[in-house]
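Visitor: model this:
(one chain, ligands or ions: 1)
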Amino acid sequence: MRNGPPSGPLTRKALRSGEHPLWNLPRASLPRRPKRHIRRHRDQVPPLRHPECPEAPGAHTRAPRASTPWRRFVFLDRKDIGAATLYLGDALEILPTLAPGSVGAVLCDPPYSSGGASLSDRSRPTSAKYQSSEHRGLYPEFQGDTRDQRSYLAWSTLWLSRARMLAAPGALCAVFTDWRQLPVTSDALQCAGWVWRGVAPWDKTERGRPQLGRYRAQAEYVVWGTNGARPLKGPVAPGVFRAPIPHVKHHIAGKPVELMEGLMSIMEGPILDPFMGSGTVGLACARKGLPYIGIEVEPAYYEIALSRLEAEGKG
Ligand SMILES: C[S@@+](CC[C@H](N)C(=O)[O-])C[C@H]1O[C@@H](n2cnc3c(N)ncnc32)[C@H](O)[C@@H]1O
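Guide: Residues are numbered from 1 along each chain as shown. So this is what the prediction gives:
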C-alpha cells in the first residue's frame, strides 16, 4: 500500500488501476456504477392502462418510464357529466395536471382533521369523530382526516398553492373549516399566496348540536381570499350564510346544496373542488349552470358524487 495523503481525481479508473493512494480500499467502499440493466428492464414493461380511459393508466405500482410524462399516471378514473369533470384520485397529484389559469374559483370542504387533540383521537374512524352513535354506519368513512396541526398546515399550504396555480387572476377561493382549524386554515391560505379577505360564518341553525352547559355547536366557517387583486364590481353576496344541515345527507360531512349555491353567487366558473365528497358543490354548479371540476380520493364517495350528478342531469 502506498503512503501519503490521497491526491489526484478520485475516479473509478484511478482506483482500479492502483494509481490512486486509495487503490486498495475494500470493494464495498468504491463508487458504484448505476445499475443500467434495471433501468433497461423497467423501460421494457408497458405502462398499465385504465380500461375506460386508454390514454390514462390505471392504478400504478411502479414509477413511470422516463420517456412518459408523469402526469399521465395520476388519476384512477375520470368522468364528464354535462359541464362537470370528476376525477378519482389524490388532489395533490391531480391538481398539477390541470391547465394553469383554467379555474374561475375554488370552493371546497377539505377534511378538517379536527376530531381530537391526541393521535388516538385523530386516528379514530371519521364516523366516530363526527357522528352520534345512532347515525354510525350510514355512510362510508372518508379519507385524509388524521393530520396534526403542523402537518395540516403543511398539507393545506401544498394543495392551496397548487390550486392557486390554476386560478385566474382575481379568482375567489373559499374553504370550509371549523372553529378548531380556523387559525391554521387562514395561515395556510396566506402561505399559499392567496390574499386573505375574510371569514364568512355558516350558521347551521338550531339543528346544530346542543351541548349541556355550553354554546350550541351551530357554526362552521368559510375562510376566503382572492388570487391577487379583485376588481370591485359584480353582485353583492351575504357575509353570513344561514342554512340547516340537510336531513338527508350523502356524506358524513355533507353540506347543504343551497349553501354552496349562495357561496358561488359571486364566483366565476369553472369552479374547482379538490375535495368533492358526495358532490354537493358539483350539484350547486349544475343548478347555477357553472362548469365544475371535482376530485375525490375515496372511491365510494366518487361513485356517490357521480350518481348524484347524473341524477341531477336527468331530473
Ligand atoms: C369534508 S368531505 C367533503 C364533503 C362534501 N362537502 C359533501 O357535501 O359531500 C372531504 C372529502 O375529501 C376527501 N379527500 C380527503 N383527502 C383527499 C385528497 N388528498 N384528495 C382528494 N380527496 C380527498 C375525503 O375522502 C372526503 O370525502
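Visitor: ok, for the residue in the stretch 51-200 of the chain positioned nearest to the ligand, nearest residue in space, not its chain neighbours?
Guide: Among the residues of the stretch 51-200 of the chain, G144 lies nearest to the ligand; the distance is 2.8 Å by C-beta to the nearest ligand atom. C-beta: built from backbone N, CA, C; applies to glycine. Of all residues beyond its chain neighbours, the one nearest G144 is P111 (4.3 Å), with distances taken as C-beta to C-beta, 6 or more residues apart in numbering.
Visitor: wait, that neighbour touches F275, no?
Guide: Yes - A contact is recorded between P111 and F275 when judged using C-beta atoms under 8 Å, the distance being 6.9 Å.
Visitor: who touches both of these two?
Guide: Common neighbours of P111 and F275, using C-beta atoms under 8 Å, 6 or more residues apart in numbering, are G144.
Visitor: what does Y301 show for phi and psi?
Guide: Taking degrees, to the nearest 10, you get phi -80, psi -30 for the backbone angles of Y301.
Visitor: now do the buried residues in the helix or strand encompassing A286.
Guide: Of the helices and strands defined by DSSP states H and E, A286 is found in helix 280-288. Of the residues in helix 280-288, those with enough neighbours to count as buried (16 or more other C-beta atoms under 10 Å) are T280, V281, G282, L283, A284, C285, A286.
Visitor: packing partners of the lengthiest helix in the chain?
Guide: Among the elements of the chain assigned as helix by DSSP state H, the one spanning the most residues is helix 149-166. Under the contact criterion of 3 or more C-beta pairs under 8 Å, 6 or more residues apart in numbering; DSSP states H and E, the helices and strands touching helix 149-166 comprise helix 91-94, strand 103-108, strand 167-177, helix 182-191.
Visitor: do the shortest one and the ligand meet?
Guide: So that's helix 91-94. Yes - Helix 91-94 is in contact with the ligand by C-beta under 6 Å from any ligand atom, via A91, L92.
Visitor: so which elements touch that helix?
Guide: With contacts defined as 3+ C-beta pairs under 8 Å, 6+ apart, the packing partners of helix 91-94 are helix 149-166.
Visitor: report the inter-axis angle for the helix it packs on versus strand 167-177.
Guide: Angle, helix 149-166 to strand 167-177, by axes from the mean of the first three to the mean of the last three C-alpha atoms, to 10 degrees: 150 degrees.
Visitor: so helix 149-166 versus helix 182-191, what angle?
Guide: Using the same axes, to 10 degrees, helix 149-166 lies at 40 degrees relative to helix 182-191.
Visitor: and the residue of the stretch 201-315 of the chain that's closest to the ligand?
Guide: In the stretch 201-315 of the chain, the residue found nearest to the ligand is G277; the distance is 2.5 Å by C-beta to the nearest ligand atom.
Visitor: pull the number of nearby residues for that residue.
Guide: G277 has 27 neighbours, counted by other C-beta atoms under 10 Å.
Visitor: what sits closest to A163 if chain neighbours are left out?
Guide: V106 (4.9 Å).
Visitor: and what of V236?
Guide: Going by C-beta to C-beta, 6+ apart, V236 has I266 as its nearest residue, at 7.6 Å.
Visitor: what of T146?
Guide: Taking C-beta to C-beta, 6+ apart as the measure, T146 lies nearest to R122, with 5.0 Å between them; neighbours along the chain are not counted.
Visitor: check that neighbour and give its pLDDT.
Guide: For R122, the model assigns a pLDDT of 75.
Visitor: next: K35.
Guide: If you check K35, the pLDDT there is 56.
Visitor: got it, and L76?
Guide: At L76 the predicted local confidence, pLDDT, stands at 88.
Visitor: so it makes contact with L88?
Guide: Yes - when contacts are counted by C-beta under 8 Å, L76 is listed as touching L88 (4.6 Å).
Visitor: more neighbours: which of the two?
Guide: A direct count of neighbours by other C-beta under 10 Å for L76 and L88 places L88 higher, at 23 against 19.
Visitor: run the angle between the longest helix of the chain and strand 103-108 for me.
Guide: In terms of direction (the same axes, to 10 degrees), helix 149-166 departs from strand 103-108 by 160 degrees.
Visitor: can you give me how far helix 149-166 is from the chain middle?
Guide: The offset between the C-alpha centroid of helix 149-166 and the centroid of the whole chain comes to 8 Å, using C-alpha atoms, centre = their mean, to the nearest Å.
Visitor: same thing with stretch 142-151?
Guide: On C-alpha atoms, centre = their mean, the centre of stretch 142-151 falls 12 Å from that of its chain.
Visitor: give the buried residues for that stretch.
Guide: Using 16+ other C-beta under 10 Å as the test for burial, stretch 142-151 gives F142, G144, D145, T146, R147.
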